[in-house]
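>>> pasting the sequence and the predicted model now:
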There are 2 protein chains.
Amino acid sequence: MSERVVADGERRRRRPTKRGTVLSEELIVETALRLIGEHGAAALTVRRLGTALGADPSALYRYFHDTDDLLLAVADELIGRTLRSWRATGEWRADLRSLGLRIHADYQAHPQAAVLTCTRVTGRVHEMRSVETILGILRGAGFPDAEAVRIYHVFVDQTLAFAALDATVLTLPRESRTLEERTWRERYARLGPDTHPQVAATAPILVAEMGRSAYPAALEMMLAAAEARLRHVRA
Amino acid sequence: MSERVVADGERRRRRPTKRGTVLSEELIVETALRLIGEHGAAALTVRRLGTALGADPSALYRYFHDTDDLLLAVADELIGRTLRSWRATGEWRADLRSLGLRIHADYQAHPQAAVLTCTRVTGRVHEMRSVETILGILRGAGFPDAEAVRIYHVFVDQTLAFAALDATVLTLPRESRTLEERTWRERYARLGPDTHPQVAATAPILVAEMGRSAYPAALEMMLAAAEARLRHVRA
DNA sequence: CACCTTATGACAACGCCGTTGACGCACTGG
DNA sequence: CCAGTGCGTCAACGGCGTTGTCATAAGGTG
């Protein structure tokens, strides 16, 4: 191979593919996101992406070193979109809540990219700006520095951890997911009170609860605990 | 296919493979865990597992419907190992705390497997016993059913999510991990108070805090919020 | 012990996947 | 308008999960 993966701006000759589309890094990333959104996470393969672009799959290797490189580009685009659409209100609980829920939701809209991205420290502009933003919210609310940093850490890692967890579930093939749902509905709901009294006593509530993400509830508990700490500090 | 996947106990004829090993569900799961531990999560393929067992890959389909089914068995074995070493004290906060920390620690001892299995609902024996245990702790503490189920969900998902997040970091190749950390520190050290005042004001605390897992702090905040709810319910 | 049934391991094949090297067309700089 | 080369295309490789078929040994039955 010619080992030539070049930044999009330095590209010299844009030759249309056999089906007439003109490739670009941006178009490829957008198409990848569209594929994920339309046909599920499993639809994102190099071959299918090539087909969707009307190009030979191997053409993509002129733009990205490998699949991982492509997914990172997709992830970076995601981070940008998320940050771009957030607005601060000035009330610390409302701001943390909306920021957390927005990150969680945006990542779940593109689970494949989220799973790969969540655990990586990018050190890029967007990430550093988010650190600054969240720390500002907490210190502005009156948390002492050590407390603010600790809560920042919990908030960020909890949000990313849940985003990755919930995204992983969405990444599973459809059969596995419906299987899990049925596992709760059928197997757990039918456990006898003699062997599993706790489950048997709460079965309907369990089935309803396990069908959704625990992140909103976890976030609320975290915010409540933080507010209690804040009152304690101020007293 | 004969569509015959039979529980391990009901197996009638144990024929040794060409290389002499006698297969069993247990042996397959153990070998899978060993493969993951020795060569990373990516090493777990049906073909390699077959080779490691000295059997034809297709022989595994007599024991598990497909790769997903096998993965669920591996996940359940992990849960079982963790539960086997835990003891209840009778005080709900202490019990949840020790259980959470133990799960988190045990999963990080097998990071490769944790990443692969954290998100799966297995519906198998060990998992069902863990649900029963945790629900028992919460309802025994006096939480009403709906509240107990909600807190159970938050507790479990938060623990697994952090376990997977922290395990993923351990999974990264050593070089990229140290590289990321160094880049991160250098970038944050360079941030001036003019552009990033919040980070600049807390830099030393930040560096110290980000070096460890946020799970213990997150767990404490969750327990504090739960106790507040409990007091509210009782009043 | 001999026989029959059948569970179960082996084999070969299918259709995916990511990735790469060789090739040659068409675009761009001169 | 020509030359050089950037980049899309083609073909192929090796690996993957999975399945249909076959053969063989285990184990009940007499």
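Received the coordinates, thanks.
>>> the biggest helix by length in chain A near chain B anywhere?
Across chain A, the longest stretch assigned as helix under DSSP state H is helix A:145-171. Yes - contact of helix A:145-171 with chain B (CB under 8 Å from any CB of the partner chain) involves A:145-146, A:148-150, A:153-154, A:156-158, A:160-162, A:164-165, A:168-169. Placement of C-beta: from N, CA and C, glycine included.
>>> tell me the angle of that helix relative to helix B:145-171?
Interaxial angle, helix A:145-171 versus helix B:145-171 (axes from the mean of the first three to the mean of the last three CA atoms, to 10 degrees): 90 degrees.
>>> report the buried residues of helix A:145-171.
A:145, A:147-171 (16 or more other CB atoms under 10 Å in any protein chain shown).
>>> which elements pack onto it?
Under the contact criterion of 3 or more CB pairs under 8 Å, 6 or more residues apart in numbering or on different chains; DSSP states H and E, helix A:145-171 touches helix A:92-109, helix A:111-117, helix A:125-141, helix A:174-182, helix A:215-234, helix B:145-171, helix B:197-210, helix B:215-234.
>>> output those as CSV; include the columns mean pLDDT and distance to DNA strand C.
Shown next, in CSV, are these (pLDDT from 0 to 100; distance: least, CB to the nearest atom of the strand, whole Å):
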stretch, mean pLDDT, distance to DNA strand C
helix A:92-109, 92, 20
helix A:111-117, 73, 11
helix A:125-141, 88, 25
helix A:174-182, 74, 15
helix A:215-234, 96, 29
helix B:145-171, 91, 18
helix B:197-210, 90, 31
helix B:215-234, 96, 32
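>>> among those, which is nearest residue B:114?
Checking the helices and strands packed on helix A:145-171 against residue B:114 by CB to CB gives helix B:145-171 as the closest, at 4.1 Å.
>>> distance from the closest one to the middle of the chain?
Relative to its parent chain, helix B:145-171 has a centroid offset of 9 Å by CA atoms, centre = their mean, to the nearest Å.
>>> quick one: that helix to helix A:197-210, angle?
Using the same axes, to 10 degrees: helix B:145-171 against helix A:197-210 is 70 degrees.
>>> how much space separates residue A:137 from residue A:85?
17 Å (CB to CB, to the nearest Å).
>>> same question, residue A:150
28 Å.
>>> again, but for residue A:18
Distance from residue A:18 to residue A:85, by CB to CB: 37 Å.
>>> about what we covered before: nearest to residue B:132, of the helices and strands packed on helix A:145-171?
helix B:145-171 (10.5 Å).
>>> could you count how many residues lie near the residue lying closest to residue A:181 once chain neighbours are set aside?
Leaving aside its sequence neighbours, residue A:181 sits nearest to residue A:211 (CB to CB, 6 or more residues apart in numbering or on different chains; 6.8 Å). If you count neighbours by other CB atoms under 10 Å in any protein chain shown, residue A:211 ends up with 11.
>>> residues contacting the residue nearest the centre of chain A?
Most central in chain A under CA atoms, centre = their mean is residue A:107, positioned 2.4 Å from the mean C-alpha point. Shown in contact with residue A:107 (CB atoms under 8 Å, 6 or more residues apart in numbering or on different chains): A:78, A:82, A:113, A:114, A:117, A:118, A:163, A:164, A:167.
>>> as CSV, those with distance to residue A:127 would be great.
Below are these laid out as CSV (distance: CB to CB, whole Å):
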residue, distance to residue A:127
A:78, 12
A:82, 11
A:113, 15
A:114, 15
A:117, 11
A:118, 12
A:163, 14
A:164, 16
A:167, 18
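>>> need the phi and psi values for the residue of chain A positioned farthest from its centre.
For chain A, the residue at maximal distance from the C-alpha centroid (CA atoms, centre = their mean) is residue A:194, at 41.0 Å. Backbone torsions of residue A:194, given as degrees, to the nearest 10, read phi -80, psi -40.
>>> pLDDT at it, what is it?
Listed pLDDT for residue A:194 reads 94.
>>> do any residues in the helix or strand hosting residue A:68 lie close to DNA strand C?
Secondary structure assignment for residue A:68, by DSSP states H and E: helix A:67-84. Yes - applying CB under 7 Å from any atom of the strand, one finds helix A:67-84 in contact with DNA strand C at A:67, A:68.
>>> starting at the chain centroid, how far to that helix?
10 Å.
>>> what's next to it, contact-wise?
A:5, A:25, A:28-30, A:32-33, A:36, A:46, A:60, A:63-64, A:102-103, A:106-107, A:110, A:112-114, A:116-117, A:122, A:124, A:126-127, A:129-130.
>>> 7 Å - rerun?
Residues outside helix A:67-84 that contact it (CB atoms under 7 Å, 6 or more residues apart in numbering or on different chains) are A:25, A:29, A:32-33, A:46, A:60, A:64, A:102-103, A:106, A:110, A:113, A:116-117, A:126, A:129-130.
>>> now those residues: which count as buried?
Those of the contacts of helix A:67-84 that meet the buried threshold are A:25, A:29, A:32-33, A:46, A:60, A:64, A:102-103, A:106, A:110, A:113, A:116-117, A:130, by 16+ other CB under 10 Å.
>>> what does chain A put close to DNA strand D?
When proximity is defined by CB under 7 Å from any atom of the strand, chain A lies next to DNA strand D at A:2, A:4, A:6, A:11-19, A:22-23, A:55-59, A:62-63.
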